[in-house]
Structures are given as structure tokens and as C-alpha cells.
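J.: Pasting a predicted model and its sequence here:
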Amino acid sequence: MKSAMPYLGITSTPLATTCRALITTHRLSTVDTWRDTTLTLWREAQFREERYAAILIARHRLYDDHQTLAALPMYRELIVTGAWWDYVDAVAHQIGILLRRFPNAMAKTLRGWSRGDDLWLRRTSIIAQLDFKHDLDCALLYDCIEPSLDSREFFLRKAIGWALRQHARVDPREVLRYVKANRARLSGLSKREALKAALRSGTLKEIP
């Protein structure tokens, strides 16, 4: 994991079970309390599991009504200060929820993140639509990929391939078209990941 923050050694299933029981028992009464609790636990964490717990609080179904644009600064802080895939990918799911609810405002935000200097905001902009299936906004995805197409950064190359692979499960021909159109710029890793679903579906016989 290459983490400077130590682990307690609790595996994901018992951690999630314990945290969810506590979250349900001790419901936070207001949106401000929810945000402040999440951020305090995150900022003062001494062990990595404490930050996982903060994300579980932020994402819990009890606080579905709190998933508004007002939560965006909190999520941005978790992404930038978390700065590793295990945190960032979990928070990216929440960014996807905001995108569904506030498509115009969030599309503008994600396009801005995709062009910024922060690696993890860039990654988030690319993978925020992973579970959108037929609702995926291709124009937004391609706009968010574009600034990172020439990057040599593994986590961006992997994110590009992952996002394209997910979309290929519902529209393999479109992903194949995109890969062919950008074959000179897409990394080998991104192309391999992107075309896995097309290969499985029989749309493609081999990676071009």
C-alpha cells in the first residue's frame, strides 16, 4: 500500500460491519455535524482504518440527503489529502452521485479537475462515471480523459482503461471506435484494459 500511516490490521469486512453498526446507533443529527465528524476523524486519524471509517460515515445511506454540492469541498479534501487509490476510488463513487444529481455543475467541476495539476483529482474525474452504464456521458468522459492521454502516470493510465472497459460492457463498438481514433496516444495499458470487454463480447478478435 506504500502508506506512511500505519494500519491497525483490521480487514475490510469486520471494519465495515463494526462501523456501520456504530453509525446506525449514533446518528448524526445535522448536515454540519455529519461533515464536521467526517472531517475531524479524517484529519486526526492516526491509523489508516480511521480514514476508512470517515469515508463510511460520509457514504452511509442515512446521510443520502446530505449528498449535495455543499459536500463537494469535503470530498475534494478527502481526495487531495488522501492521495492514494484506496481512498480516492471510494470517494470517486460519491462524486458520481453528485454528478447524477447535479449534472451541469459537476460536469464543469470534473472538466476543471481533469486539467489540474493534482493527480488524484484527475483520476477522480475519469472514474466518477464507472457505474453509470447506459447513463454515461461520453462527451464528459472523453473530455476528462483528454488532458491525461499523454501522461506516463500509472494511476491515470489505469483509470483511463478502467473507465473505457466499464463502458465497453454496454457499448463495446463505441469504445472500440474511441480506441482506434486515439491509438497513437493511448498507452498500451489503457488499450488493453479498455478492450477486455470487447474481446469477451466477441466484438473484437484481438487488440489492435
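T.: Yep, that arrived.

J.: Leaving out sequence neighbours, find the closest residue to the residue positioned nearest the centre of the chain.
T.: Residue closest to the average C-alpha location in the chain (C-alpha atoms, centre = their mean): residue 92, at 2.6 Å. Nearest residue to residue 92 in three dimensions, chain neighbours excluded: residue 124, at 4.6 Å (C-beta to C-beta, 6 or more residues apart in numbering). Where you see a C-beta, it was placed from the backbone N, CA and C, and this is true even at glycine.

J.: in terms of contact, does that neighbour touch residue 94 like I think?
T.: No. If you go by C-beta atoms under 8 Å, residue 124 and residue 94 don't touch, sitting 9.7 Å apart.

J.: For those two, indicate the residue with more neighbours.
T.: Taking other C-beta atoms under 10 Å, residue 124 and residue 94 do not tie; residue 124 has more neighbours (28 against 21).

J.: Helices along the chain, start to end?
T.: Taking DSSP state H as the criterion, the chain carries its helices at 12-25, 31-44, 48-59, 72-82, 85-101, 103-114, 119-127, 138-145, 154-168, 172-181, 188-201.

J.: low-scoring pLDDT stretches of the protein, where are they?
T.: 1-2, 198-208 (pLDDT under 70).

J.: For residue 27, give me the backbone phi and psi.
T.: phi -70, psi 140 (degrees, to the nearest 10).
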